[in-house]
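Engineer: sequence plus the predicted model coming up.
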Amino acid sequence: MEINIQPTLENDQVLLEPLLETDFEALFQTAADEKIWEQHPNKDRWKREVFLNFFEGAMQSKGAFKIIDKETGAIAGSTRFYDYNGSENSILIGYTFYATRYWGKGLNPMVKGLMMDYIFQFVDKVYFHVGGSNLRSQIAIERLGAKKIKEENIAYFGEAPKLNFVYEIAKSSYLEKKRVVQ
């Protein structure tokens with residue numbers, strides 16, 4: 001079975017649409033806030049030339065999304081599926097960022113929930129790379145039930161390797177947690 005890693009996903013509050021080349025300016029306007037990148041391994045991603053590399057990687061991944069706030073129609077951020085591994089039946093979710101006005105509003109668990117509900121139809125494990133100094137994202141991913149499994153230097157698209165923590169959520173754990181919550 002072939003996986004579509006760029007479907008349209010939505011609930012009543014948020015819409016994840018495939019990222020298009022024509023979305024660069026609107027997404028850059030969201031990303032051009034230094035505060036978003038303070039804890040990220042690449043703290044300069046708010047600069048146009050640095051963000052352009054990020055965007056190029058998003059387009060090449062063929063799994064990137066723009067995250068749209070359905071109430072306002074504003075682009076709230078971006079995320080993506082990438083690096084599907086058929087032999088391990090796993091995929092990564094990452095390169096996620098949100099405009100600061102959405103921080104602490106429950107958007108991240110909502111977006112990741114949509115993505116995992118979809119992708120766990122096809123894979124057994126989801127991994128996440130989180131910058132070693134990105135405490136905010138480490139806490140957020142642990143709240144989703146992800147477990148830190150290792151530390152390694154990761155080279156994001158077109159960037160030098162930097163310390164990242166690798167987190168994992170197994171399909172069985174995710175489904176069990178969902179069952180308990182419901």
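Structural biologist: Alright, I've got the coordinates. Numbers count the residues shown, from 1 in each chain.

Engineer: tell me the buried residues in the helix or strand of the chain with the lowest mean pLDDT?
Structural biologist: Least confident helix or strand, the chain: helix 171-181 with a mean of 85, by mean pLDDT, DSSP states H and E. Under the neighbour-count criterion of 16 or more other CB atoms under 10 Å, helix 171-181 has 171, 174 buried. To be clear about C-beta, it is placed using only N, CA and C from the backbone, and glycine gets the same treatment.

Engineer: now do that helix: distance to the chain's middle.
Structural biologist: 20 Å (CA atoms, centre = their mean, to the nearest Å).

Engineer: now do the contacts for T96.
Structural biologist: Counting by CB atoms under 8 Å, 6 or more residues apart in numbering, T96 touches 77-80, 108, 111-112, 137.

Engineer: oops, could you answer that again for D23 instead?
Structural biologist: Counted by CB under 8 Å, 6+ apart, D23 has contacts 66, 75.

Engineer: now do the SS call for it.
Structural biologist: Here D23 is recorded as helix under DSSP: H, G, I helix; E, B strand; the rest coil.

Engineer: separation between it and E17?
Structural biologist: 9 Å (CB to CB, to the nearest Å).

Engineer: hey, what's in contact with both of these two?
Structural biologist: Contacts common to D23 and E17, judged by CB under 8 Å, 6+ apart, are K66.

Engineer: and the strand or helix carrying L15, what other elements does it pack with?
Structural biologist: Here L15 sits within strand 14-18, counting by DSSP states H and E. Judged by 3 or more CB pairs under 8 Å, 6 or more residues apart in numbering; DSSP states H and E, strand 14-18 is in contact with strand 9-10, strand 64-69, helix 107-119.
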